[in-house]
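S.K.: pasting a predicted model and its sequence here:
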Amino acid sequence: MSRRNRFELHALRPAALLGAAALLASAAFAATPNFPITAEQRSTAQRAAETGVPLSEIKADAPDIYTVKPRDTLWGISGLYLKSPWRWPELWGMNLQEVKNPHLIYPGQVLFLDKSNGRARLRMGQPMDIAGNGRLSPRVRARDVSLDGIASIPFNLIEPFLNEAVIFETNQLADAPRIVAAQEGRVLLSRGDTAYVRGELGQEREYRIFREPRPLRDPTTKEILGYEATYVGASEYTVEGETRTNAEGKAEIVPATFTVTSIRQEAGVGDRLSPVPSREYTNYAPHPPAGPIAGQIVSIYGESLTAGQNQIVALNKGAKDGMERGHVLALFRDGKVVVDPTVKNREKLKLPDERHGVLFVFRVFDRMSYALILSVKDPVAPGDRFTQP
């Protein structure tokens, strides 16, 4: 059977295929966490479910049939079908009534693109098998996304930064526990070394090690928006400190003992400690902001002056400004100032800002956010603008 004929047979049975998907996906959804799906996303998806998507919004080379692979992402698959991947509700919304949770997408699942009456709809299911009577029959399954559902974006790109990249609202590390000495009088500490720590410690056993934080200022107002602490490594609290009386009857301070368990750069005396927070990662879906939002890049994470694809940048907008994890933003390069050579006075002109990239927000603080550069044409620098896509 040709690929085209096989697809046409699939298209003839959307109700049967999706009816089975409804039962299984609904059962799986009941056992899964509540993933962040906004009212606007549901509204957009509902419209798409009712009418489909105009063919003009579908990429010319979108596959009629696609099998989800183990390393696929929601962003990547959306990019196969839609000209603008952040408009994923229009892709998965075609199935919203049948598959309530758009995160229930897993390797081995097959996507079928149905084009009719100038509209496009995407059907989801498993490959159809030839039964003993020679008729095609649907075979559908659904799984908990926490087991093997595909991620929204490549998780390996942001995983190291989920606990390491931190913006503090105030310079709270100034009063945090600090390394006061190292074993055998060493100046620098590596993995496995012992560090002696003084300060107010809680019941936590795992602590991150940070270098002195630097203030992050708004590129325009110069206001301090937060303090970014450079991640050094991780350590384990092994022996409690104490204050005791020595032989001379004087108080004697014995610092707590820590073991350095992992390291990004050598730790040293004066570095600060902060408890490891609970893991924040959830499989949040890429989506545009509900309303207009605009801001600037404050800094490049690390020591680089500019950034490229798959690097991390800090933004001057946070939760108080309506920023959410999963927001997709358009990146603009500041237009250059040039001299007009066609006039005698050679007056200066500012060229229009040029859109040249896409950002994905993955960590949000009160007044700032961290974003991953998903795509970019030219180097990104502090001061570059972003808006809703």
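M.R.: Right, received. Where do you want to start?
S.K.: drop to CA atoms for contacts and neighbour counts, all remaining ones
M.R.: Will do.
S.K.: can you confirm residue 70 is in a strand?
M.R.: No. Secondary structure assignment (DSSP: H, G, I helix; E, B strand; the rest coil) places residue 70 in coil, not in a strand.
S.K.: would you mind giving the domain segments of the protein?
M.R.: Taking automatic domain parsing as the domain assignment, the ranges for the chain are 3-150, 161-275, 294-387.
S.K.: now mean neighbour count and distance to residue 287 too, for those domains, in JSON lines please.
M.R.: As requested, these are arranged in JSON lines below (neighbours: other C-alpha atoms under 10 Å; distance: least, C-alpha to C-alpha, whole Å):
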{"stretch": "domain 3-150", "mean neighbour count": "17", "distance to residue 287": "5"}
{"stretch": "domain 161-275", "mean neighbour count": "17", "distance to residue 287": "19"}
{"stretch": "domain 294-387", "mean neighbour count": "18", "distance to residue 287": "5"}
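S.K.: out of those, which is closest to residue 288?
M.R.: Of all the domains of the chain, domain 294-387 sits nearest to residue 288, with 5.1 Å by C-alpha to C-alpha.
S.K.: now that closest one, how far from the centre of its chain.
M.R.: In terms of C-alpha atoms, centre = their mean, to the nearest Å, the centre of domain 294-387 is found 17 Å from the chain centre.
S.K.: same check on stretch 234-247?
M.R.: A distance of 39 Å separates the C-alpha centroid of stretch 234-247 from that of its chain, computed with C-alpha atoms, centre = their mean.
S.K.: and the helices in the chain?
M.R.: Residue ranges of the helices in the chain, as given by DSSP state H, are 3-11, 14-31, 39-51, 74-81, 88-92, 145-148, 155-158, 161-164.
S.K.: show me where pLDDT drops low in this protein?
M.R.: 1-52, 89-104, 125-148, 279-283 (pLDDT under 70).
S.K.: give the residue farthest from the middle of it.
M.R.: The outermost residue of the chain relative to its centre, with distances by C-alpha atoms, centre = their mean, is residue 248 at 57.7 Å.
S.K.: over to that one: give its phi and psi.
M.R.: phi -90, psi 0 (degrees, to the nearest 10).
S.K.: next one: it relative to residue 263, how far apart?
M.R.: Distance of residue 248 to residue 263, computed by C-alpha to C-alpha, to the nearest Å: 40 Å.
S.K.: same question for residue 170.
M.R.: Applying C-alpha to C-alpha, the value for residue 170 to residue 263 is 25 Å.
S.K.: just residue 274 next, same as before
M.R.: Distance, residue 274 to residue 263, using C-alpha to C-alpha: 15 Å.
S.K.: do the same with residue 113
M.R.: With C-alpha to C-alpha as the criterion, residue 113 and residue 263 are 48 Å apart.
S.K.: residue 196 now?
M.R.: Distance from residue 196 to residue 263, counting by C-alpha to C-alpha: 16 Å.
S.K.: dump the residue contacts of the nearest residue to residue 351 once chain neighbours are set aside.
M.R.: Closest residue to residue 351 in three dimensions, ignoring its sequence neighbours and counting by C-alpha to C-alpha, 6 or more residues apart in numbering: residue 335, at 4.7 Å. Each residue near residue 335 by C-alpha atoms under 8 Å, 6 or more residues apart in numbering is listed here: 350-354.
S.K.: run the last query once more with 6 Å
M.R.: Taking C-alpha atoms under 6 Å, 6 or more residues apart in numbering as the criterion, residue 335 is in contact with 351-353.
S.K.: picking up where we left off before, can you redo the domains of the chain as JSON lines with distance to residue 288?
M.R.: Conversion of those to JSON lines gives the following (distance: least, C-alpha to C-alpha, whole Å):
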{"stretch": "domain 3-150", "distance to residue 288": "6"}
{"stretch": "domain 161-275", "distance to residue 288": "21"}
{"stretch": "domain 294-387", "distance to residue 288": "5"}
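S.K.: mind listing the strands for the stretch 101-250 of the chain?
M.R.: Under the criterion DSSP state E, counting those that start in this stretch, strands of the stretch 101-250 of the chain are mapped to 110-116, 119-130, 136-139, 166-168, 178-182, 188-189, 194-198, 206-210, 214-217, 224-229, 231-239, 242-245.
S.K.: could I get those strands as JSON lines with distance to residue 64?
M.R.: JSON lines is the format used below for the strands of the stretch 101-250 of the chain (distance: least, C-alpha to C-alpha, whole Å):
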{"stretch": "strand 110-116", "distance to residue 64": "5"}
{"stretch": "strand 119-130", "distance to residue 64": "9"}
{"stretch": "strand 136-139", "distance to residue 64": "17"}
{"stretch": "strand 166-168", "distance to residue 64": "43"}
{"stretch": "strand 178-182", "distance to residue 64": "59"}
{"stretch": "strand 188-189", "distance to residue 64": "56"}
{"stretch": "strand 194-198", "distance to residue 64": "59"}
{"stretch": "strand 206-210", "distance to residue 64": "48"}
{"stretch": "strand 214-217", "distance to residue 64": "48"}
{"stretch": "strand 224-229", "distance to residue 64": "47"}
{"stretch": "strand 231-239", "distance to residue 64": "46"}
{"stretch": "strand 242-245", "distance to residue 64": "69"}
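S.K.: distance of the residue nearest to residue 351 relative to residue 117?
M.R.: With the distance defined as C-alpha to C-alpha, residue 335 ends up 43 Å from residue 117.
S.K.: residue 306 now?
M.R.: When C-alpha to C-alpha is the yardstick, residue 306 and residue 117 sit 48 Å from each other.
S.K.: how about residue 292?
M.R.: Relative to residue 117, residue 292 is positioned 33 Å away (C-alpha to C-alpha).
S.K.: you'd agree residue 207 is up against residue 278?
M.R.: No. The pair residue 207 and residue 278 does not pass the contact test of C-alpha atoms under 6 Å, sitting 11.7 Å apart.
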